[in-house]
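Novice: requesting a structural model of the entry that follows:
(2 chains)
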Amino acid sequence: MKNKSVIPFVAATASLISGGLYWLFTRYPMMPEAASAQAAHVDLAWNGLLIVECLIYAVIVAFILYCVLAFRDYTRAEQGDKFDASRGHLVEAAWLLGSVALTLALAALGSQELRALIGNPEADIDVEVRAQQYSWEFYYPKQKAFGAKLFMEKGKRHRLILTSQDVVHAFWVPEFRIKQDVVPGKVISMIVTPTKVGEYTLLCNQLCGRGHTEMQGIVEVVEHEAFEENFKAGDF
Amino acid sequence: MTKLIKALAAGIGSFAVLYKLLLGGLGEQGASVVAYLAALPAFLLLVGGWDALRSYAAGHEPEELHGAARYFGYNVDHKAVGVQYIAAALLVFVVSGTWALVMRLELSHHGIQFLTPELYTTMMTLHGIGMVVVALIATAGGIGNFIVPLQVGARDMAFPRLNALSFWLLPPAVLLLLATPLMGGLDFGWTAYASLSTQGSTPGKQLFLLAFVTVGFSSIFSGVNFVATTLAMRAKGLTWGRIPVFTWSILATAIIQLLGTSVVAASLIMVLFDRMLHTTFFDPNLGGTVLLYQHLFWFYSHPAVYIMILPAFGAILEILPVFCRKPLFGYRLSAGAFIAIVVLSFVVWAHHMFTSGMWAVLKLPFMVNTELISIPTGVVFLAALGTLWRSKIRMDAPMVWALAMILNFLIGGLTGIPLADAPTDLHMHDTWFVVAHFHFTIMGGAVFGFFAAFTYWYPKITGRKLNEALSKTQAFLMFTGFNGTFIPMFWLGTLGMRRHVVDFPEWMDPVQLFISCAAVLIASSAALFLYNVLSSLKKGEEAGRNPWEALTLEWTAPSPPPHGNFERAPVVTAGPYEFGV
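Specialist: Residues are numbered from 1 along each chain as shown, chains lettered A, B, ... in the order given. Next up is the predicted model:
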């Protein structure tokens, strides 16, 4: 292979690799079902990163493959031709500028989604979420009711007020895409807006001791009527 | 050898006796700490520290050791220290790898198979901290000690006695870690977050903290030594523009060790005080703050990953020009990139804390800073790709390892971006996505880099080459096993697999079984490696001074180099990679 064939080779191989990756990520999606308004922001940021990263990966792997195939020297002879390093600085500068621009673009995309996620602190429903080794407890201050599971109304903004009695725990519902450590000595609020009716698993996501694996809870998202109905009998 | 056995017996004996004596008065916590503080110096003095001090006080050169004592004694020769580090790293690698295999056996199927959650967490913590030690010492401590003085044309390190001390601090730390399962186990993972780590009174936790601090001291001493050696011990003519890139990477590493390690040591000592003296640094009920621990811990422990990966970068960029037969592309830029990584590594720590509940305003700067690190890291890739371009590749074993490392680290680096990006990290933090990411950087990058470096410099260390065919087979096996093990973990993580748990939903079973099978490939590759290392000691092809036809100074010395390294003080007249110019 001559040096001239590098562009067609890399273009073809990189297309093959990225095509393969596209198939892989659509056939086996990495994210679970999205069930909250916040999940949309996380998924948008993730998909953007995924596309850029797959392209970078494909091009670099294709380039390495080309070099290994084209420049392999079986003779092990000491080469005679001299290396022309005159354009090296141009390549360095171009690479630096390119990586700075790309990094800033990714950071900009990230900060935009971050602002959307942190954003508005207003909420329709307050829930106090209390963590302890190794269980979750839920209290609804307005309804004055304790719950054995996290009961949520579809489409409403819930403010989860997280506290811990003992060590650091973390609140994670994969379908909501949102995670927050629950820290002893701190009161931390987090907004979640569930968008799909269903039952989900709440996982403790910070190693909290021997029972960490079992520290799970149930999240149930229901429509407005069922939500109101549930609180008529007090605790549930 | 007898000296080592006596010193170990004295150390362990005095620890046991003091622990029993003090148990009544001080309780388990205090007794274990005080007994260790007495047993450690006893061990160090007996193993050879006393002789080193005496020769220093008398103004003598330190004694040259021969026979078994060369590797089992308090040897000040940097080459012996290097071999000791490598041997220790391989030993801990095998032990910690065994823990990983046991964990994989447990995780092959949902539900609990044969481990209790307690044992699983202890094993996971020991696997974590053990492999952290391996990644910290294998290339920087082992290869660095052997090669850096040779590469700069020095007779030895700047402070040879201190160098031996940095190594001999490690065996006590490893013994402490191995003792933790017998003394109550560990339930907090290698990060030892407060207030889980300040809770409970089992002395095992205490030993873990002491071991961590001991490794910290070893790391600081070794950092001082490398900085002084590269600054002050360079041969005539070895100007800044001619320092080999591996030595540049070790210098950068040593700066991080010097600046960062004391902070993590401080945070662990604060935990120790909270546990033992009832201070309240991390107790929110009495005015402390839990997040303080995380800030102090990650202030060091993020830069620590660069202690692991920078020497691997250096080794790869050292290897590529030799087997590409052309100058390293972007030599100056690469050296600058290492220094940039050092600087940036200290302003990114809170990306481990996006979900921690810290002040939300901090998320943005830490996110941007972290993403900035991809620029100097990209420069390392540029140097690698630029060197490959229009080269004359000799596909010898070190080159195969180097290419495998680059392919792995490419995935490791790219998967770091969604973790640096605060919105996506909200989902991925503390899942198996993170586990897969750091195994791709630390194992795929640092450990593969170590194998590349080891294969490359083995002829200098032993005088013989590793068996090429075996080494390439091993590289292929490990690359396959490694990717098979960790690529599926990205999916499991984002789909809901948390870190640090012993059980998972049933639907993950086939994937988990696949991962366990792939992990066996890694183990078989490691076994093949050990066989190759030992058999090539005797049967390997004789290497001569310069088997790879490289141009750096270490290849002008005999293999293995004698005491004092060079027959005549070397003088450098050209750059390190002037192939074909």
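Novice: tell me where chain A has helices.
Specialist: A:6-27, A:37-70, A:88-118, A:224-230 (DSSP state H).
Novice: closest to B:Ala574 out of those?
Specialist: Smallest distance to B:Ala574 across the helices of chain A (CB to CB): 18.3 Å, for helix A:88-118. In short, each C-beta sits where N, CA and C put it, glycine included.
Novice: residue of chain A nearest chain B, please.
Specialist: A:Gly185 (2.2 Å; CB to the nearest CB).
Novice: ok, for that residue, nearest residue in space, not its chain neighbours?
Specialist: What sits nearest to A:Gly185 in space, not counting adjacent residues and going by CB to CB, 6 or more residues apart in numbering or on different chains, is B:Pro284, at 2.2 Å.
Novice: quick check: B:Thr377 is in a helix.
Specialist: Yes: according to DSSP: H, G, I helix; E, B strand; the rest coil, B:Thr377 belongs to a helix.
Novice: isn't it up against B:Leu344?
Specialist: No: the criterion here is CB atoms under 8 Å, and B:Thr377 misses it with B:Leu344 at 9.7 Å.
Novice: so for these two, which residue has more residues nearby?
Specialist: Set side by side, B:Thr377 and B:Leu344 show more neighbours around B:Thr377, with 23 against 19, by other CB atoms under 10 Å in any protein chain shown.
Novice: which SSE is the residue nearest to the more buried one when sequence neighbours are not counted in?
Specialist: Nearest non-adjacent residue to B:Thr377, counting by CB to CB, 6+ apart: B:Gly413, 5.8 Å away. Assigned by DSSP states H and E, B:Gly413 belongs to helix B:397-414.
Novice: again with B:Val174
Specialist: Using DSSP H and E, B:Val174 falls in helix B:170-179.
Novice: same question for that helix, mean pLDDT?
Specialist: For helix B:170-179, mean pLDDT is 94.
Novice: mind listing what's buried in the next helix or strand after it?
Specialist: Using DSSP H and E, the next helix or strand after helix B:170-179 towards the C-terminus is helix B:203-232. Neighbour-count burial for helix B:203-232, counted by 16 or more other CB atoms under 10 Å in any protein chain shown, picks out B:203-227, B:229-230.
Novice: mind giving me the domain ranges of chain A?
Specialist: A:3-73+A:92-118, A:125-233 (automatic domain parsing).
Novice: near chain A, which residues of the stretch 1-150 of chain B?
Specialist: B:117-118, B:121 (CB under 8 Å from any CB of the partner chain).
Novice: buried ones only from these, please, as a PyMOL command.
Specialist: Of the residues of the stretch 1-150 of chain B next to chain A, the buried ones can be selected in PyMOL as follows, counting by 16+ other CB under 10 Å:
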select buried, chain B and resi 117+118+121
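Novice: narrow the residues of the stretch 1-150 of chain B next to chain A to those in strands?
Specialist: Counting by DSSP state E, no part of the residues of the stretch 1-150 of chain B next to chain A is found in strands.
Novice: compute the number of surrounding residues for residue 42.
Specialist: This is for chain A. 27.
Novice: switch to chain B, that's the one I care about
Specialist: Residues near B:Ala42, counting by other CB under 10 Å: 17.
Novice: read off the pLDDT value for the residue of chain B found nearest chain A.
Specialist: For chain B, the residue closest to chain A is B:Pro284, as judged by CB to the nearest CB, at 2.2 Å. Note for B:Pro284: predicted pLDDT of 91.
Novice: can you read off the backbone torsions of it?
Specialist: When quoted as degrees, to the nearest 10, the phi and psi of B:Pro284 stand at phi -70, psi -20.
Novice: can you pull the contacts of it?
Specialist: A:183-186, B:195, B:290 (CB atoms under 8 Å, 6 or more residues apart in numbering or on different chains).
Novice: for chain A, which spans come out with low pLDDT?
Specialist: Within chain A, the stretches with pLDDT under 70 are A:1-3, A:78-86.
Novice: try it again at 80.
Specialist: A:1-4, A:77-87, A:118-120, A:235 (pLDDT under 80).
Novice: again, but for chain B
Specialist: Residues of chain B meeting the criterion pLDDT under 80: B:1, B:63, B:201, B:580-581.
Novice: past the longest helix anywhere in it, which element shows up next along the chain?
Specialist: When chain B is parsed with DSSP H, its longest helix is helix B:2-44. Per DSSP H and E, the first helix or strand lying C-terminal to helix B:2-44 is helix B:50-57.
Novice: flag every buried residue along the strand or helix carrying B:Met103.
Specialist: Assessed by DSSP H and E, B:Met103 sits inside helix B:78-106. Buried residues in helix B:78-106, counted by 16+ other CB under 10 Å: B:78-86, B:88-90, B:92-93, B:95-97, B:99-100, B:102-104, B:106.
Novice: neighbours of the residue nearest to B:Gly27 when sequence neighbours are not counted, how many?
Specialist: With sequence-adjacent residues excluded and distances taken as CB to CB, 6+ apart, B:Gly27 is closest to B:Ser201, at 7.7 Å. B:Ser201: 12 surrounding residues under other CB under 10 Å.
Novice: tell me who's in contact with B:Ser201.
Specialist: The contact partners of B:Ser201, by CB under 8 Å, 6+ apart, come to B:27-29, B:275.
Novice: ditto for B:Asp396
Specialist: So B:Asp396 contacts B:323, B:468, B:548 (CB under 8 Å, 6+ apart).
Novice: same check, this time on B:Ala527
Specialist: By CB under 8 Å, 6+ apart, B:Ala527 has no neighbours at all.
Novice: how about the one 5 residues further on?
Specialist: Shown in contact with B:Asn532 (CB under 8 Å, 6+ apart): B:466-467, B:470-471, B:474.
Novice: at 6 Å instead, please
Specialist: B:466-467, B:470 (CB atoms under 6 Å, 6 or more residues apart in numbering or on different chains).
Novice: ok, B:Ala179 next?
Specialist: So B:Ala179 contacts B:Leu207 (CB under 6 Å, 6+ apart).
Novice: next: B:Leu170.
Specialist: For B:Leu170, the contact set (CB under 6 Å, 6+ apart) comprises B:88, B:218.
Novice: any idea how far it lies from B:Val81?
Specialist: 11 Å (CB to CB, to the nearest Å).
Novice: try B:Trp359
Specialist: For B:Trp359, the distance to B:Val81 - CB to CB - is 44 Å.
Novice: near chain A, which residues of the stretch 451-581 of chain B show up?
Specialist: Within the stretch 451-581 of chain B, the positions adjacent to chain A are B:491, B:494-496, B:498, B:500-503, B:580 by CB under 6 Å from any CB of the partner chain.
Novice: same thing but 10 Å
Specialist: Listed as neighbours of chain A in the stretch 451-581 of chain B under the rule CB under 10 Å from any CB of the partner chain: B:488, B:490-505, B:549, B:578-581.
Novice: narrow the residues you listed to those in strands?
Specialist: Counting by DSSP E, these contribute nothing to strands.
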